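Undergrad: pasting the sequence and the predicted model now:
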Amino acid sequence: MINADHGSPLLEVRGVTKSFAGVAALKGVDISIVPGEVHCVLGQNGAGKSTLIKILSGVYTPDAGDVAWQGEAVTIADPTAALELGIATMYQELDVVDGLTIAENIFLGHERSIGGLLKVRDANKRARALLERLGHPGLAPSREVASLSPANKQIVSMARALSRDIKLIVMDEPSAVLDSEEVRNLFRVVRELTREGIAVIYISHRLAEIREIGDRITVIKDGRTMATGLPVSETPTPELIRLMTGRDVENVFPPARPVADDAPEVLRVENLGVHGVFEPVSFGVHAGEIFGLAGLVGSGRSEILEAIYGAIKPTSGEVLVRGKALHVGSVPTAVANGIGLSPEERKSQGLILEQQIYRNVTLSSFARFARGGFLNERAERSTARTQLEALELRPADPDRAVGLLSGGNQQKVMLARWLVHGTDVLLLDEPTRGVDVGARAEIYGLIRALSAAGTAIVVVSSEIEEVIGLADRVLVLAEGETLDIVDADQIDESGVLDLVMKGSAA
């Protein structure tokens, strides 16, 4: 636990409100931040956390209420004003520019230049020092950001924040794309920052993280502050969940249902490999079974799902569904044979955010709704609405733009797509990334229900506890190599990490 200096507030927010087109996003938010503390902000999706962040970062201005910085009332008119005060923000949606190098991204907007040109050698030197501070000396400042993993893009975003003279850094779901090892490194950096007197506003749906890194907590629900300044060490988890949701929620995994002894093998992966990414891997998944892939970032777990789905072409091996060998490297072939994928980056890889919900649901089943060369939109809407109501999507309005939904509801739309299509094998990559505690419980229940109905499920998650809590069996990976396949009830998180560390050292 970090010992914060509970002296004069660095930042005070009092009674802040904000509405959009007559809809209130914030109805009265209060929060006080002191130097050197990690102040965690909790709330379900739609509670108003993102709006509060954008007010502090200068993207929005409040309709009413006061913001004080170091005891003086301020108006944060734009992002430049926030940075000049000493407030930097790391957004959940990575804001790096793929076409630029790491160094160019880090110093974007405050470059040292000669004749309008970036001083490349100087920028690379300063970028390298920041990356070393963040525990990533191996990232070359001249490397293009487009080639980086989401986790490394997060590191670049953090380095950009630290390149300024900051007093407060706002971190919105910073661990969402990180595995256990990366999260430990993140926490190391956060502790260094607070020792220097820098304050951190830390937003996360992962309550275990709050326990480990936080000093105090503010809970927001429906745009209002429900409680603020709660000491982390003195506030029980059930109380936090009640404040966030307005009800008691069991933050546990639904009970496992034994896989029938005579359940047929639905998916068979045989010596499947992608040269330079992951070594040949073999496993089978039976009807009604949840099979987990566990490993650190870079272990190849997501790429295995993509190879099964045909999104990347394997260099060896085969994929079989109900004994039928598929033409690998073809998404249409995989989909036609009952394989569905909910990708890690569902907003950029899985959903068309500006399109209506119903069109996202029916995206993989257009042939079913085609009549005389035209899509039957009435049938699309009706089918989507039926499925959305079954999944308890709120609101179950098929004409709503999917980009307006919370993370939990967007994940439900992805599940609805494959339920409408009729999927025998469901591949889930980070199924609860960016999903609040209440919606997580619902999604866990949906995954269990799908397996109970006979779907073979393969799940990948950066949270090892989630993989173990959902899966019947777990394949443990390190640096692209299979280490072991174990029954989930015979291993815990430390056991997985021990295997990974031994495998990485081999």
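TA: Sure, I can see it.

Undergrad: what strand or helix carries residue 426?
TA: For residue 426, the host element (DSSP states H and E) is strand 425-429.

Undergrad: residue ranges with poor pLDDT in this protein?
TA: Applying pLDDT under 70 to the chain flags the ranges 1-7, 111-118, 247-252, 501-506.

Undergrad: list of residues touching stretch 185-197?
TA: Under the contact criterion Cβ atoms under 8 Å, 6 or more residues apart in numbering, stretch 185-197 has outside partners 2, 4-5, 35-38, 133-135, 158, 167, 169, 171, 174-175, 178, 200, 202, 212-213. From N, CA and C alone the C-beta is placed, and that goes for glycine too.

Undergrad: can you check stretch 240-249 too?
TA: So stretch 240-249 is contacted by 42-44, 47, 207, 210, 217, 219, 221, 226-227, 230, 238, 251, 436-438, 441 (Cβ under 8 Å, 6+ apart).

Undergrad: what are the phi and psi values for the closest residue to residue 448 other than its chain neighbours?
TA: Leaving aside its sequence neighbours, residue 448 sits nearest to residue 254 (Cβ to Cβ, 6 or more residues apart in numbering; 4.4 Å). The phi/psi pair for residue 254 (degrees, to the nearest 10) reads phi -60, psi 150.

Undergrad: ok, residue 254 to residue 449 distance?
TA: Distance, residue 254 to residue 449, by Cβ to Cβ, to the nearest Å: 8 Å.

Undergrad: so what's the residue nearest to residue 448 up against?
TA: Residue 254 touches 444, 445, 448, counting by Cβ under 8 Å, 6+ apart.

Undergrad: same deal with residue 55?
TA: Counting by Cβ under 8 Å, 6+ apart, residue 55 touches 13, 16, 18, 26, 61, 62, 67, 76.

Undergrad: from these, pick the one nearest residue 415.
TA: residue 26 (30.6 Å; Cβ to Cβ).

Undergrad: which residues does the closest one bridge with?
TA: residue 18 (DSSP bridges).

Undergrad: for it, grab the count of nearby residues.
TA: The tally of other residues near residue 26 (other Cβ atoms under 10 Å) stands at 27.

Undergrad: ok, it - contacts?
TA: Per Cβ under 8 Å, 6+ apart, neighbours of residue 26: 16, 17, 18, 48, 51, 52, 55, 62, 223, 224.

Undergrad: and the gap between it and residue 52?
TA: For residue 26 relative to residue 52 (Cβ to Cβ), the value is 7 Å.

Undergrad: which residues do those two both contact?
TA: residue 16.

Undergrad: dump the contacts of residue 254 into CSV; add distance to residue 471, secondary structure and neighbour count as well.
TA: Below are the contacts of residue 254 laid out as CSV (distance: Cβ to Cβ, whole Å; DSSP: H, G, I helix; E, B strand; the rest coil; neighbours: other Cβ atoms under 10 Å):
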residue, distance to residue 471, secondary structure, neighbour count
444, 12, helix, 19
445, 15, helix, 13
448, 11, helix, 18
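
Undergrad: and of those, the nearest to residue 389?
TA: Distances from residue 389 to the contacts of residue 254, taken as Cβ to Cβ, are shortest for residue 445 (15.7 Å).

Undergrad: so what's the closest one up against?
TA: Counted by Cβ under 8 Å, 6+ apart, residue 445 has contacts residue 254.

Undergrad: any idea how far it is from residue 470?
TA: For residue 445, the distance to residue 470 - Cβ to Cβ - is 11 Å.

Undergrad: please apply the same query to residue 230.
TA: 30 Å.

Undergrad: for those two, indicate the residue with more neighbours.
TA: Neighbour count, other Cβ under 10 Å: between residue 230 and residue 470, residue 470 has more, with 26 against 19.

Undergrad: buried set for stretch 224-231?
TA: 224, 225, 226, 227, 228, 229, 230 (16 or more other Cβ atoms under 10 Å).

Undergrad: what's the answer for stretch 95-112, then?
TA: For stretch 95-112, the neighbour count (16+ other Cβ under 10 Å) marks 96, 100, 101, 102, 103, 104, 105, 106, 107 as buried.

Undergrad: quick check: the fourth one touching residue 145?
TA: Yes - under the criterion of Cβ atoms under 8 Å, residue 102 is in contact with residue 145, at a separation of 6.0 Å.

Undergrad: which residues do those two both contact?
TA: Counting by Cβ under 8 Å, 6+ apart, the residues touching both residue 102 and residue 145 are residue 156.

Undergrad: across the sheet, point out what pairs with residue 269.
TA: Taking DSSP bridges, one obtains residue 283, residue 319 as the residues bridged to residue 269.

Undergrad: and it, how far is that from residue 308?
TA: Going from residue 269 to residue 308 by Cβ to Cβ gives 6 Å.

Undergrad: list residues touching both of those two?
TA: residue 319.

Undergrad: quick one on the thing from earlier: among the contacts of residue 26, who's most crowded?
TA: Highest neighbour count within the contacts of residue 26, by other Cβ under 10 Å: residue 52, with 28 neighbours.

Undergrad: can you show me the strands along the stretch 201-350 of the chain?
TA: Taking DSSP state E, counting those that start in this stretch to define them, one finds strands in the stretch 201-350 of the chain at 216-221, 224-231, 265-274, 278-286, 290-294, 316-321, 324-325, 339-342.

Undergrad: possible to save the buried residues of stretch 224-231 as CSV with distance to residue 316?
TA: Below are the buried residues of stretch 224-231 laid out as CSV (distance: Cβ to Cβ, whole Å):
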residue, distance to residue 316
224, 56
225, 56
226, 54
227, 55
228, 56
229, 57
230, 53
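
Undergrad: wait, isn't residue 270 in contact with residue 316?
TA: No - look at residue 270 against residue 316 with Cβ under 8 Å: they stay out of range, at 9.6 Å.

Undergrad: restrict stretch 127-135 to CA atoms and write it as CSV.
TA: Extracted C-alpha coordinates of stretch 127-135, given in CSV (Å, rounded to 0.1, in the frame of the first residue of the first chain):
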residue,chain,number,x,y,z
ALA,A,127,12.6,8.4,-25.5
ARG,A,128,15.0,5.6,-24.7
ALA,A,129,15.5,7.0,-21.2
LEU,A,130,11.7,7.0,-20.7
LEU,A,131,11.3,3.5,-22.0
GLU,A,132,14.0,2.3,-19.6
ARG,A,133,12.2,4.0,-16.7
LEU,A,134,9.1,2.0,-17.7
GLY,A,135,11.0,-1.3,-17.8
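
Undergrad: just the buried residues of stretch 95-112: which are in helices?
TA: 102, 103, 104, 105, 106 (DSSP state H).

Undergrad: show me where the stretch 51-200 of the chain has strands.
TA: 64-69, 72-73, 87-90, 113-114, 117-118, 168-172, 199-203.
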